[in-house]
Each structure stands twice: as structure tokens, then as C-alpha cells.
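*Asks:* I'd like to go over a predicted model; first the sequence, then the structure.
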Amino acid sequence: MILFIVVSIVLFIYDRYIQRENQLLINYPLIGRLRYLFYALRDPMRQYFGDEKFYESFDKVKWVYDSAERKSAYASFSPSQPIKGAMLSIKNANCVFNTQDVSDDFSVVFGEKSPKPFKTRSVFGRSAMSDGAISPEATRAFSKGAYLGSFPINTGEGGLTSNFFYTHKYTRECKFFETLEGTVFAKSAYRVIKFLLNGAVAQKVYKHMVIRTSAPDSYLFDIEEILFFRINWSASLDVFPKEVPDDIADTIFQIGSGLYGVRDDKGEFCETRYKKTMSFCRMTEIKMAQGAKQTGGKLLKTKVSEEIAYYRGVEAHKDLFSPNQFPYAHTLEELFDFIGKLKEISKKPVGVKIVISSQDSFSEYAQLIQKRIEENSSAYPDFLTIDGGDGGSGAAPLDMMMSVGMSISKALYIADTTLRKVGVRESVKLIASEKVLTPDDAIVLFALGADYVAIARAFMMSAGCIRARECSGAHGRACPVGLATQDKKKRASFLVEKKAKNVASYHAQLLSGIRNLLAIAGVKKLCELNKTHLIFKDHRGRTYMNIKRYFEESLVE
């Protein structure tokens with residue numbers, strides 16, 4: 001109490017008589033500081049004291065948390081908040097099926113004409129999240145969760161890092177690893193500390209004894225061999241695996257404008273490095289844009305750790321802003337030629353992530369795809385990832401977040417109908433991404449034409465995100481749960497194994513929910529779902545039984 005009084009007196013004197021930067025504090029010393037305290041608490045605390053504004057209802061958010069924790073996701077009577085009046089919804093059949101009547105085959109084949117097509121085991125996947133934008137521990141949890149849940153994971157534009165190999169079993173026969181191994185004394189110290197305390201503390205002490213490099217967290221630990229290892233990208237291409245190891249998650253490699261993970265010392269595309277990377281990845285996604293970010297990726301210096309600098313080939317502790325323009329996409333023709341080059345190198349599917357802002361802009365994509373197919377050329381995308389205008393990002397310009405791009409439902413409708421109109425829909429898969437939390441969010445996208453749904457926010461929540469909105473690392477604040485930060489103290493408490501199980505559990509509940517919805521719609525296979533199974537109710541209560549008419553009226557030239 002005495003200390004509190006003394007500090008208060010000092011602050012009062014400082015505010016009233018010394019500082020001349022803040023006029024509020026001159027007039028209201030001490031009390032005026034409450035404004036800044038409440039302001040700082042506004043974002044992290046808003047979800048506890050205010051209505052849900054970003055999603056239709058907080059019940060959707062709670063469904064994600066409950067599903068991840070393997071709790072009952074049933075609700076009583078009705079949602080705690082009214083669902084918005086205007087919405088797309090599913091028609092129920094007169095005679096519905098039982099859930100067990102619905103096929104549990106949720107596979108999708110990308111690049112059917114590729115020498116090495118990618119057949120997923122799920123129609124859901126974790127959307128792009130760079131190792132760097134999220135913590136090493138988070139990437140490990142997602143990697144193991146994806147492996148346990150048998151669904152794909154996208155690397156994000158930060159490249160393929162050691163943490164994506166978290167489930168990979170180290171063997172000394174693998175010549176593409178570089179290792180660091182302690183002495184007999186160091187290993188003995190590890191065993192003793194592990195016996196007396198726990199494995200986490202023992203590993204931390206052992207790491208200090210063994211690793212002397214500037215990026216110690218770029219190494220994984222093998223508990224059986226008691227050594228640290230990471231991919232040696234300098235190793236000869238000949239020693240890299242010819243087939244993707246079966247003990248890692250199905251990984252989609254994303255290339256952003258910074259070319260991280262596939263660039264040489266001059267910052268240009270490196271064909272050899274790309275070949276090495278694709279030894280572990282199933283297909284490639286070129287990121288042209290995402291919903292909240294029509295610019296290159298942004299990583300503030302607080303997140304550019306020594307490890308991130310090592311992975312990306314940049315200088316540590318400096319803001320890392322990728323170029324707005326993809327270096328091999330000054331025109332769509334040049335972009336498609338680059339896609340053809342990647343397909344030839346990897347023998348695997350290649351696609352593009354875009355944001356649609358108009359019918360005309362997407363028609364250019366569709367017409368060029370049609371032209372390339374007619375020319376018997378493979379230089380076109382095997383898939384298009386459509387990100388809605390409300391797509392998220394941990395760091396993006398505020399002026400772009402809600403003012404660029406179309407909502408996912410309209411964008412997906414344009415993509416599907418336009419590709420069908422020019423006769424190339426069967427040659428191009430569509431991935432949809434934007435604000436998907438629950439099965440009903442996803443089932444609408446499947447009905448509109450999506451072949452696969454990529455999810456970011458909800459997977460983050462399943463891994464422990466409390467939506468404190470401190471993802472960017474700006475203003476000296478970091479993610480409080482150690483999920484989206486490089487802060488070592490915050491990361492130390494992240495429970496990798498537990499969160500991996502939660503991530504897998506959330507995915508399992510998504511698939512279960514999809515089967516339930518297909519059953520009540522009278523559909524036995526997801527591929528049979530289409531636009532005729534949807535209705536749209538607007539704010540005035542008017543219901544469109546034929547959603548084609550709704551989209552035609554809402555998409556006016």
C-alpha cells in the first residue's frame with residue numbers, strides 16, 4: 001500500500017507539473033491514465049464483455065473451442081445471439097438419410113494429369129500460416145495435428161522449415177540432415193536432469209551444451225538418439241528422398257513474392273532448392289494475394305528471429321516486407337509460364353491463390369486457362385485458391401482489410417460459373433477460404449462449387465488462440481498464449497502435444513458435421529452437392545429458392 005501511494009504521488013507530480021506531451025494527463029493526472037489502460041484492454045477483452053461482431057454468433061466460436069477440447073458441441077434452444085437475417089442456407093430433403101448412409105470418402109485429387117497428382121484424405125486443410133508469423137511450437141503442433149488428422153497443411157510464404165518435420169523419424173541413413181550431438185558427459189547430464197525434473201528442462205539444458213549456432217531453435221530434437229537435427233539444404237540433391245516421407249503431414253508449399261525457401265543468394269528463384277523442397281511437399285501454391293493483404297507479406301522485426309532469418313535468408317531483427325508484385329507475374333501470361341515451369345520441375349500440381357474483385361478480372365484467368373488447354377499446354381494452374389475479401393492476416397494494412405476484394409460466396413460463384421462457361425471447370429480445382437468456423441459455413445462453400453476448403457482462423461483457435469489480436473507483434477505486445485509470436489517467454493508455455501490433439505479433434509468434428517448436413521440434405525456424397533441445394537434469405541425476409549437469380553441480381557455490371 002505504501003509503495004502504491006508513493007508511486008501515485010510521483011506520477012501525479014510528473015503528469016501535472018513535468019510532462020508536456022499529453023494535455024489530458026495535465027488536466028487529469030492519474031485518472032487520465034485509466035483511458036490508456038482501458039484502451040490497451042479493449043481488443044483482448046472485447047470478446048468477454050461485448051457481442052460477437054465478426055462472426056454471426058459467439059456460439060460458432062464456442063463450437064470451435066468445444067470441438068477442439070472434445071467437449072459436447074450441442075446447443076440448447078437457440079444461439080445466444082440472433083443469427084444475421086441475410087444468409088445462404090441448406091435445403092433439407094423430404095426424406096433424409098441417416099448419417100451412416102453418407103460416404104466418408106472426403107478425398108480430393110489435384111493435378112489429375114500431373115505425373116504425381118495429389119490425392120488428399122480430407123476436403124479440409126489448414127490454410128497458409130508462415131513459420132515466423134506463428135511460433136515454432138505452433139507450427140509443430142499444427143504439423144502433428146495435421147498428421148494425426150490426415151489433412152493437408154500449407155506452409156505459408158515463409159517456406160518449408162524444420163518444424164514441419166516434427167513427426168518425422170530421424171535416422172542416421174538420411175544424408176539430407178545435419179546433426180549436432182553432445183558428448184558422453186552432455187548426454188549423461190541430459191538423462192540425469194530428465195530423471196530428476198522432466199524432459200523439457202533436460203532438453204533445454206542439453207541444447208545450451210550442444211548448440212552454438214545463432215539459430216538454435218531451427219533444430220529438432222530426437223529423443224532416442226539424443227541429438228539435434230535439421231534439413232541441410234546444402235546437401236546434394238541426390239540424397240533427398242525420391243518420394244515424400246509417409247511420417248510427415250501432407251504439405252502444400254506456398255511461394256510468395258519474397259521467394260522464401262526457394263531463392264538463391266541473390267534473391268532469385270533457385271530451381272535446385274525448389275526440387276529439394278518438393279521432395280517433402282505434395283503440391284505448390286503461388287500466392288498472388290490474400291483477402292486482407294493485396295501487398296506482399298509483412299513480418300515485423302519483433303518476429304524476425306535468428307531462426308526466421310536463417311530459414312528465409314534475410315537479416316535478423318529487421319522488418320521484413322515482401323514486394324507487392326510477384327517477380328514472375330508481370331502479366332498473366334508470364335505467371336502461367338512460371339506455373340508451367342514449376343510443374344515441369346516438380347512433376348506435381350501447381351496452383352495460384354487470388355482474390356477476386358470483379359467478373360472481368362477473373363474472366364482473364366478463365367480465358368487464358370481455356371487458351372492454354374486448347375493449345376495442349378500444361379502451363380496453367382491445376383487449382384485456384386479463392387480467398388474472400390474478409391480473409392484474415394496477422395499483419396496487414398488496415399485500409400485494405402475490409403475494402404478490397406469480394407466476399408467468398410460471390411467470388412466462388414463467379415469462379416465456378418465462369419470456368420464452366422468456358423468449359424474448363426473439370427480441369428481446375430477450386431479451394432475456398434474465408435471466415436469458416438463450423439460445418440454449416442463450409443457446406444455452403446461446397447455447394448457453391450468449392451472442391452476443398454482451407455481454414456486459418458478456426459485452426460488457430462483450436463490450437464489455443466484467444467483472439468487477443470496481438471498477432472502482428474506491434475506496439476511491444478505479443479500473443480499471450482505463445483501461438484503467434486517469437487517471444488521465447490510466451491512460447492515456453494505452449495503445449496505442443498496437447499494442442500496437436502486439439503487441432504486433429506477440431507478437424508474430425510468438421511468432417512462429422514459435414515456428414516450430418518449431407519444426410520439431412522438427402523445427399524450421400526459430397527460431390528453430389530450443388531447450388532440447387534441452397535436457398536438465400538435476404539434482410540427483408542424474401543427467400544430465393546433459385547440462388548442463381550440472387551447472384552444475378554447482386555452481381556450487377
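*Replies:* Received it, and whenever you're ready, just let me know what you need. Residues are numbered from 1 along each chain as shown.

*Asks:* for the chain, longest helix please?
*Replies:* When the chain is parsed with DSSP state H, its longest helix is helix 496-520.

*Asks:* and that helix, what's buried?
*Replies:* Buried positions in helix 496-520, judged by neighbour count with 16 or more other CB atoms under 10 Å: 496, 499-511, 513-519. For glycine as for every other residue, the C-beta is placed from the backbone atoms N, C-alpha and C.

*Asks:* could I get the full set of helices for the stretch 251-400 of the chain?
*Replies:* Assigned by DSSP state H, counting those that start in this stretch, the stretch 251-400 of the chain shows helices spanning 271-277, 306-312, 332-346, 359-374, 398-401.

*Asks:* with the stretch 401-550 of the chain instead?
*Replies:* Counting by DSSP H, counting those that start in this stretch, the stretch 401-550 of the chain has helices at residues 408-421, 439-448, 457-462, 488-491, 496-520, 547-554.

*Asks:* buried residues in the first one?
*Replies:* Along helix 408-421, these residues count as buried under the neighbour rule (16+ other CB under 10 Å): Ile408, Ser409, Lys410, Ala411, Leu412, Tyr413, Ile414, Ala415, Asp416, Thr417, Thr418, Leu419.

*Asks:* check contacts around the third one.
*Replies:* Taking CB atoms under 8 Å, 6 or more residues apart in numbering, we find Lys410 in contact with Phe551, Ser554, Leu555.

*Asks:* just the pLDDT for the first one.
*Replies:* Spelled out, that is Phe551. If you check Phe551, the pLDDT there is 90.

*Asks:* my guess is it meets Asp416, correct?
*Replies:* No. Phe551 lies out of contact with Asp416 (CB atoms under 8 Å); the separation is 10.4 Å.

*Asks:* quick one: the longest helix of the chain to chain centroid distance?
*Replies:* Mean-position distance between helix 496-520 and its chain equals 17 Å (CA atoms, centre = their mean, to the nearest Å).

*Asks:* between it and helix 439-448, how many degrees?
*Replies:* Counting by axes from the mean of the first three to the mean of the last three CA atoms, to 10 degrees, helix 496-520 lies at 60 degrees to helix 439-448.

*Asks:* just the buried residues of helix 408-421 now: which is nearest Gly482?
*Replies:* Gly482 has its nearest neighbour among the buried residues of helix 408-421 in Ile408, at 30.0 Å by CB to CB.

*Asks:* any low-confidence regions in this structure?
*Replies:* 46-47, 49-54, 77-85, 292-294, 392, 394-399, 401-402 (pLDDT under 70).

*Asks:* try it again with 80
*Replies:* Segments of the chain classed as low confidence (criterion: pLDDT under 80) are 39-57, 73-86, 290-297, 389-405, 474-476, 541, 556-557.

*Asks:* sorry, back to before: out of the helices of the stretch 251-400 of the chain, which gets nearest to Leu25?
*Replies:* Distance to Leu25, taken as CB to CB, is lowest for helix 398-401 among the helices of the stretch 251-400 of the chain, at 26.8 Å.

*Asks:* reformat the helices of the stretch 401-550 of the chain as a markdown table; add distance to Asn27.
*Replies:* A markdown table is the format used below for those (distance: least, CB to CB, whole Å):
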| stretch | distance to Asn27 |
| --- | --- |
| helix 408-421 | 48 |
| helix 439-448 | 49 |
| helix 457-462 | 42 |
| helix 488-491 | 37 |
| helix 496-520 | 47 |
| helix 547-554 | 51 |
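
*Asks:* ok, which of these comes nearest Asp264?
*Replies:* When the helices of the stretch 401-550 of the chain are compared by CB to CB, helix 488-491 sits nearest Asp264, at 30.7 Å.

*Asks:* in the closest one, which residues are buried?
*Replies:* Neighbour-count burial for helix 488-491 [16+ other CB under 10 Å]: Lys490, Arg491.
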